[in-house]
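**Q** Here's my sequence, what's the structure:
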Amino acid sequence: MRLLLCLIFLVFVFNFASSTVHFKDTFDNDWESRWVVSNWHKDDGKSGKLVHTAGKWFGDENQKGIQTSEDARFYAASAKFPSFSNKGKDLVLQYTVKNEQKVDCGGSYIKLLPSKLDQSAFDGESEYAIMFGPDVCGASKRIHVILNYKGKNHLIKKEINKVETDQLTHQYTLVISPDNTYKVLVDNKEIQSGNLADDWELLPPKQIKDPKQSKPVDWVDVKEIDDPEDVKPAGYDDIPASIVDPEAVKPEDWNEEDDGEWEAPTIANPEYKGEWKAKKIPNPEYKGEWVHPLIDNPEYAEDNELYLFNDLGAIGFELWQVKSGSIFNNMIVTDSVDEAKAFSEKTFVANQEAEKKMFDDLEAAKAEEKKKADEKLAAEKAAEKAAEEAEEEDEEEVAEEDLVKTDDKKEVKKSTKKVDHDEL
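**A** From the prediction side, this is the model:
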């Protein structure tokens, strides 16, 4: 048993040691020496600025990435590495992204590109090998996996909608293997897998419709026909669709000179059955649906190397974002799943819990601050209302006092007049 464990350990160490990391970046303070920001949209002022930051919440303040910082802008940046081919080996592409802005329309995907990329002119039209990652716009949420095969970009046929839309960091991993299979993982959990030939239309179909064959002109594919023995009943067409309402009565105040001649309203005729149609019966001439004969497609050629990319030499992203705030980090391109997983443990996994706690604490503080602000506003409104009511009461009291004084004066005048009258 001990010997078996030793052998397993040695195999693991050998595989790990023999793996190749083609590119790895955690965006230290020297990141701009490796990354080139494209001139795309700089001439029209629509190019957004990338900033180096850990964000508003994080697991480690020293673990910074590059963040989109301006709304409604285009972003494009890339980094190069020595060109390689993934022939006979796994290809693993992995990175993290944190959307602090509650993204509602924008992409946060990355691309693997050929070594010939002109980095200063990198834009949405630049040739790429793989485009991978989440894209959100309104109700549409999906993870793109687009592969370039023989110069044409092919979208995955399956819908991968496991897109994380909270404001925390998430990790996206794509693995393409020499047996023409693939896996997509989110936060180290597999969410999609399959075969390249099945899930992309990379190859033409194995069979096509025989161009020399067509449906015979006398082929009957109508299942049912009108019953020739079914006859329309006599007087069927004489039944009107509507009739005069027998319960309608001319209003008593109807004046024909002013209102014109009264006409009773019409209602749907309960006896009317609609347009007559003959009953259907099975067609005795029916031969079934005609199936176009298939032949082998002369353009089809099996390819056991659908997975293969002979020139991978750059990584980058080109995006349009309505709301900015996406932080890209922890990128790795390797031929080892174990290498990528170990990198994930050190960078992504190690900071998940602390980042979430900081985010939750900030949200709780924000909620408490909002609660206090709402309570203060409610108290101010209550005080304002009380002051208005007190002022109204004071005005009413003054008005009543004025009225009493007026009444007193009237009484005095009356008394004076009465005295004067009595004296007379």
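
**Q** now the closest residue to Gln207 other than its chain neighbours, which residues is it bridged with?
**A** Nearest residue to Gln207 in three dimensions, chain neighbours excluded: Leu294, at 4.2 Å (C-beta to C-beta, 6 or more residues apart in numbering). Yep, even glycine has a C-beta here, placed from its N, CA and C like the rest. For Leu294, the beta-bridge partners under DSSP bridges are Lys209.

**Q** Leu294: what's it in contact with?
**A** Gln207, Ile208, Lys209, Asp210 (C-beta atoms under 8 Å, 6 or more residues apart in numbering).

**Q** From Ala197, how far out is the first one?
**A** To Ala197, Gln207 is 14 Å away according to C-beta to C-beta, to the nearest Å.

**Q** Which of these two has more residues huddled nearby?
**A** Neighbours were counted for Gln207 and for Ala197 using other C-beta atoms under 10 Å; Ala197 has more, 15 against 12.

**Q** And the helices in the stretch 51-200 of the chain?
**A** 196-199 (DSSP state H, counting those that start in this stretch).

**Q** Give me the neighbour count for Thr334.
**A** Count around Thr334 with other C-beta under 10 Å applied: 22.

**Q** check contacts around it.
**A** Neighbours of Thr334 in contact, by C-beta under 8 Å, 6+ apart: Ser19, Thr20, Val21, His22, Lys24, Val92, Ala340, Phe343.

**Q** Among the residues you listed, name the ones in strands.
**A** Val21, His22, Lys24, Val92 (DSSP state E).

**Q** Pick out the most distant pair among those residues.
**A** Lys24 and Val92 (11.3 Å; C-beta to C-beta).

**Q** Find residues that contact each of those two.
**A** With C-beta under 8 Å, 6+ apart, Lys24 and Val92 have common neighbours Ile332, Val333, Thr334.

**Q** Return the member of these nearest to Asn188.
**A** For the shared contacts of Lys24 and Val92, the nearest to Asn188 is Ile332 (13.2 Å; C-beta to C-beta).

**Q** Would you confirm that the closest one contacts Ala340?
**A** Yes. With contact defined as C-beta atoms under 8 Å, Ile332 counts as touching Ala340 (5.6 Å).

**Q** For the two, list the residues in contact with both.
**A** Val92, Gln94.

**Q** quick revisit: among the contacts of Thr334, show me the least confident.
**A** Ranked by pLDDT, the contacts of Thr334 bottom out at Ser19, which has 90.

**Q** ok so, going back, now, which of the shared contacts of Lys24 and Val92 lie within strands?
**A** Ile332, Val333, Thr334.

**Q** Mind listing what's buried along the strand of greatest length in the chain?
**A** Secondary structure of the chain per DSSP E: the longest strand is strand 73-84. Using 16 or more other C-beta atoms under 10 Å as the burial criterion, the residues of strand 73-84 that qualify are Arg73, Phe74, Tyr75, Ala76, Ala77, Ser78, Ala79, Lys80, Phe81, Phe84.

**Q** residues in contact with the last one?
**A** So the one you mean is Phe84. Counting by C-beta under 8 Å, 6+ apart, Phe84 has contacts Thr20, His22, Leu312, Gly313.

**Q** The same query, at a cut-off of 6 Å, please.
**A** Neighbour list for Phe84: His22, Leu312 [criterion: C-beta atoms under 6 Å, 6 or more residues apart in numbering].

**Q** Ok, Val322 next?
**A** Ala72, Cys105, Gly106.

**Q** swap the cut-off to 10 Å and go again
**A** Asp71, Ala72, Arg73, Gln101, Val103, Asp104, Cys105, Gly106, Val136, Cys137 (C-beta atoms under 10 Å, 6 or more residues apart in numbering).

**Q** Not counting its neighbours along the chain, what's nearest the last one?
**A** Which is Cys137. Cys137 sits nearest to Cys105 (C-beta to C-beta, 6+ apart), 4.3 Å away.

**Q** same question, the fifth one
**A** Residue nearest to Val103 in three dimensions, not counting chain neighbours: Val136, with 5.3 Å by C-beta to C-beta, 6+ apart.

**Q** Look up how far Gln352 lies from that neighbour.
**A** Val136 is 21 Å from Gln352, where distance means C-beta to C-beta.

**Q** ok, the two, which is more surrounded?
**A** Using other C-beta under 10 Å as the criterion, Val136 and Gln352 rank with Val136 on top: 19 against 15.

**Q** measure Pro251 to Ala367 for me?
**A** Taking C-beta to C-beta, one finds Pro251 at 66 Å from Ala367.

**Q** Identify each of the helices in the stretch 201-350 of the chain and give its residue range.
**A** Under DSSP H, counting those that start in this stretch, the stretch 201-350 of the chain gives helices at 256-259, 337-344, 350-423.

**Q** Just the angle for the second one relative to strand 21-25, thanks.
**A** Following axes from the mean of the first three to the mean of the last three C-alpha atoms, to 10 degrees, one obtains 10 degrees for the angle between helix 337-344 and strand 21-25.

**Q** Can you pull out the residues in contact with helix 337-344?
**A** 12, 15-16, 19-21, 24, 26, 90, 92-94, 96, 171, 173, 175, 177, 183, 185, 187-188, 330-334, 336, 349-350.

**Q** count of residues packed around the residue nearest to Cys137?
**A** Counted with other C-beta under 10 Å, the neighbours of Cys105 add up to 14.

**Q** can you list the weak-confidence ranges in the protein?
**A** Applying pLDDT under 70 to the chain flags the ranges 1-17, 404-424.

**Q** redo that, cut-off 80
**A** 1-18, 394, 396-424 (pLDDT under 80).

**Q** Could you measure from Ala54 over to Lys98?
**A** Taken as C-beta to C-beta, the span from Ala54 to Lys98 is 9 Å.

**Q** typo on my end, Ser83
**A** Separation of Ser83 from Lys98 (C-beta to C-beta) stands at 30 Å.

**Q** and what of His292?
**A** 52 Å.

**Q** neighbour count winner among the two?
**A** Lys98 (26 against 11).

**Q** is that one in a bridge, and if so with what?
**A** The partner residues for Lys98, given DSSP bridges, come to Thr169, Ile327.

**Q** just Asn153 next, same as before
**A** Beta-bridge partners recorded for Asn153 (DSSP bridges): Asn148.
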